[in-house]
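Student: sequence? don't have it. structure:
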């Protein structure tokens with residue numbers, strides 16, 4: 001009898017091991033890309049996003065990156081079709097404005113990322129559930145690193161890390177990256193117009209206001225308990241909102257998700273679009289894109305976290321204009337510097 005019990009226990013253990021092994025083998029298709037602020041370009045030196053069965057690599061061929069904080073750059077195709085969730089990120093880059101290299105290696109919250117991929121999201125273009133397919137590696141001043149998961153216009157922050165500065169000499173650099181160590185390379189990339197590192201509007205912004213304080217990339221991550229409230233003319237039916245945030249995240253809500261949206265901890269938005277049908281079934285879209293950065297950041301900061309905050313949109317009865325407020329139970333601040341675009345879609 002004891003022998004039979006041992007066999008049963010042994011088989012039970014084997015079953016558990018087999019189940020865990022099957023869980024570990026769950027795979028997804030994903031690629032990766034690099035993001036850096038428009039004012040702080042990063043030169044990719046070497047990096048890897050590592051899973052047990054796959055490593056997505058970066059090297060000098062990626063060149064200079066400054067698509068904007070949280071925005072995707074290019075991707076490199078790979079022959080591998082399905083990969084496990086990555087568990088490690090390692091990255092080294094040259095901050096051209098700061099003229100120094102940063103490097104680091106970090107363990108990822110694999111359980112958090114797996115849960116996010118498993119949950120997925122509703123793609124309101126296809127009206128089907130989808131999941132994430134791109135990791136965005138953000139490189140900011142002072143060695144700040146953020147990892148986002150993204151797909152179909154939706155972006156979620158999945159990790160925040162701190163790199164340390166390092167010294168790389170021309171003698172020790174690998175051959176294809178030695179150009180980064182040429183005399184005045186970083187300065188030329190930042191200041192010489194022939195390289196066109198910056199778009200004209202960014203150069204104009206830098207000349208007028210200077211570069212953002214590096215601390216702002218931490219400020220962008222501060223969260224408030226808020227939601228958007230959109231007051232439409234009588235008979236209007238809201239069906240979708242698309243919100244982008246200063247921390248690089250993007251949220252799209254429609255259907256039941258929009259109906260059931262509640263106050264939750266979100267970072268401050270830098271843009272929001274909403275779409276609705278009026279009582280005669282004409283479709284409209286309004287875009288607050290972008291908000292004035294200082295105006296909206298200051299408004300949220302002033303209202304603070306003691307009460308829920310509403311980002312309140314009031315559409316005029318003729319569907320021609322819209323006013324925007326940031327408000328709680330005791331105070332209301334109208335945003336007057338944002339750019340509102342309105343379009344009749346049908």
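Tutor: Now that the structure is in, tell me what you want to look at. Only a predicted model underlies this, so the values are computations on that prediction, with no experimental measurement involved.

Student: How about residue 83: what's its closest non-neighbour residue?
Tutor: residue 54 (4.1 Å; CB to CB, 6 or more residues apart in numbering). Where C-beta positions appear, they are placed from N, C-alpha and C, glycine not excepted.

Student: pLDDT at the one you found, what is it?
Tutor: Looking at residue 54, its pLDDT reads 97.

Student: cool, residue 23 as well?
Tutor: In this model, residue 23 is scored at 53, pLDDT.

Student: you'd agree residue 80 is up against residue 54?
Tutor: Yes. In this structure, residue 80 is within contact of residue 54 by CB atoms under 8 Å, at 5.5 Å.

Student: which residues sit in contact with the residue nearest to residue 83?
Tutor: 80, 83, 84, 86 (CB atoms under 8 Å, 6 or more residues apart in numbering).

Student: Local confidence estimate at the first one?
Tutor: For residue 80, the model assigns a pLDDT of 94.

Student: which of the contacts of residue 54 lies closest to residue 320?
Tutor: residue 86 (48.4 Å; CB to CB).

Student: burial measure for the closest one, as a count.
Tutor: Residues within reach of residue 86, counting by other CB atoms under 10 Å, total 21.

Student: Look up how far residue 37 lies from it.
Tutor: 24 Å (CB to CB, to the nearest Å).

Student: coming back round to it: could you check how far the residue nearest to residue 83 is from residue 32?
Tutor: 11 Å.

Student: now residue 339
Tutor: 32 Å.

Student: ok, these two, which is more surrounded?
Tutor: residue 32 (22 against 11).

Student: tell me which element that one is part of?
Tutor: In the assignment (DSSP states H and E), residue 32 maps to strand 31-35.

Student: List of residues touching that strand?
Tutor: Here strand 31-35 has contacts from 42, 44, 49, 56, 58, 62, 65, 67-78, 133-139, 148, 248, using CB under 8 Å, 6+ apart.

Student: Mind jotting down where the strands sit in the stretch 1-150 of the chain?
Tutor: In the stretch 1-150 of the chain, the segments counted as strands under DSSP state E, counting those that start in this stretch are 31-35, 42-51, 54-59, 64-65, 88-95, 100-107, 121-123, 128-130, 134-140, 144-151.
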